[in-house]
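Here is my input, please return the structure:
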Amino acid sequence: MKRRELITLLGGATLLGGAGAGWPLTATAQPRKPLIGFLGGANPVGYARLMDALRLGLRDHGYIEGQTVAIDYRWAEGRYGRLSALAMDLVARKVDIIITQGTPAALAAKRATTTIPIVMAIVGNPVETGIVASLAHPGGNITGSSFFWAEVNAKRLELLKDLVPGLKRAGVLVNPDNPAMASILRAMGETGKAINVEVRPVWLRRIDEFDAAFEHATRFEAYTVVDDGLFVANVKRLAELAIGHRLPSMGFREYCEAGGLAAYGVDFPDIWRRAGVFVDKILKGEKPADIPVEQATRFEIVINLKTAKVLDVDVSPSFSARANQVIE
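Coordinates of the predicted model:
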C-alpha cells in the first residue's frame, strides 16, 4: 500500500471512529458479562455451604464468578423489612437476573420488578404465598425451585413423636415475618391432632430473642425448627440451647449436624445447585413464565446419636435403620 493511501485510510478511520479514534485499530468491543443479583433474607455466614452449591451450579453451565459472570450480593441478615430496599437497589443496578433465597426475598424481588427475570433458589409454597400462578405455569417473570415445606414440617412432628413416644406438647420455632409460616402451622396442627400432640408456636424474629424463648421451655417437651433463614443461619446457637435445656428436637440437616437431635428434609445443596439450570435457560432466551417450578424429590432422615446419648433419648434400631445418615 502506498503512503498516500495509508494516510487516507487512517484519516477515514479517525472520522468514523469519533470519540474512540484514540483506541488501537485492532481493539474490538468486548461482550458484557452477565450481572446476577443475589437477594437473601438471612446471613451469608450461615449459608456458605449453600452458596458454594449455587456457584457450582452456575459453573456447571460455564458461569464462573469473576470471569464469565459477575454476582452482586444483598443480604438482609434476618431483618426482612430491609428486603424491599435491597431488591430495588439490585433493580437500579440493572442486573440481568435476580436469584432469591427464601419466601420473603422472592416476594420482595417480585414487588420490585416485573421485567427482570427472578430465579428462586428455594422457597416453601410459592403458589399459596402468591409468588407464582402455578408450578407448571408460573407466569410473570419468576421461576425456580420449591419443596413441600408444610408437609416436611408436619412429617418432622411425626418423627419427633417416634423418638419421644410419650410426647404431648411440642413447640415449633417459627418466624412471624415469613408469610409462608401460616401453611406450616396449619399442617402441623392437623398432624398434631392425628397423633395426639399439642403444637405450640414459638415466635422468633431475631437471634437476641432465642435465650428468652428457651427460658420458658417448660411449655413444651420437645420442639421442631422450621427452615427459615434466621434459623438456618444460627443452627449452632439453637442446638446449644436445646441441649442446655435437655430438649429433644427435630429440624433440617444443618441443624442436626450442629448438634440437634434429628433432621428430616430435602437435599438443600442439590436444590441450590439446580438454580444454575434456571439461570442458564433464561440467559439463553427462555422466559421464566414458561419454565415450570421444580419440586424437591430427594428426602432424608439424619440422627445424631451423640446428642441422643446426652439427652438420654433411646433411639430404636428401627429408627436408626430408616436414617440416611447416623452421626456418632
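
looking at this protein, which helix or strand is least sure?
Ranked by mean pLDDT, DSSP states H and E, the helix or strand of the chain with the weakest confidence is helix 3-17, at a mean of 41.

Now do the end-to-end distance for stretch 223-236.
Counting by Cα to Cα, to the nearest Å, you get 16 Å between the two ends of stretch 223-236.

what comes up buried for it?
223-235 (16 or more other Cβ atoms under 10 Å). The C-beta positions use only the backbone N, C-alpha and C, and glycine is treated the same way.

try stretch 313-328
Going by neighbour count (16+ other Cβ under 10 Å), the buried part of stretch 313-328 is 313, 315, 319, 323, 326-327.

got it, and stretch 294-309?
Within stretch 294-309, the residues scored as buried using 16+ other Cβ under 10 Å are 294, 296, 301-305, 307-308.

Restricted to helices, list these.
Cross-referencing these against helices under DSSP state H gives 305, 307-308.

Among those, which one sits closest to residue 51?
residue 307 (26.7 Å; Cβ to Cβ).

Just give the nearest non-adjacent residue to that closest one, would you?
With Cβ to Cβ, 6 or more residues apart in numbering as the criterion, residue 307 has its nearest non-adjacent residue at 5.0 Å, and that residue is residue 261.

I'd like to know how far that neighbour sits from residue 311.
For residue 261, the distance to residue 311 equals 7 Å [Cβ to Cβ, to the nearest Å].

now do residue 88
46 Å.

same question, residue 150
From residue 150 to residue 311 the distance is 27 Å (Cβ to Cβ).

and of the buried residues of stretch 294-309, the nearest to residue 42?
Distances from residue 42 to these, taken by Cβ to Cβ, are shortest for residue 296, at 18.8 Å.

Show the pLDDT at the closest one.
For residue 296, the pLDDT comes out at 86.

Also residue 78?
86.

Surely it is in contact with residue 206?
Yes: in this structure, residue 78 is within contact of residue 206 by Cβ atoms under 8 Å, at 6.5 Å.

quick one: which of these two has more around it?
residue 78 (23 against 12; other Cβ atoms under 10 Å).

so how far is residue 313 from the more buried one?
30 Å.

now residue 288
45 Å.

re earlier: just curious, which of the buried residues of stretch 223-236 is nearest to residue 282?
Among these, and counting by Cβ to Cβ, the member closest to residue 282 is residue 229, at 23.8 Å.

Check the secondary structure at the residue nearest to the closest one when sequence neighbours are not counted for me.
Among residues not flanking residue 229 along the chain, residue 42 sits closest, at 3.1 Å (Cβ to Cβ, 6+ apart). Counting by DSSP: H, G, I helix; E, B strand; the rest coil, the backbone at residue 42 sits in coil.

what's the overlap in contacts for residue 78 and residue 206?
Residues touching both residue 78 and residue 206 (Cβ atoms under 8 Å, 6 or more residues apart in numbering): residue 230.

distance of the nearest residue in space to residue 198 that is not next to it in sequence from residue 46?
Nearest in space to residue 198, with sequence neighbours left out and distances taken as Cβ to Cβ, 6+ apart, is residue 169 at 4.9 Å. For residue 169, the distance to residue 46 equals 29 Å [Cβ to Cβ].
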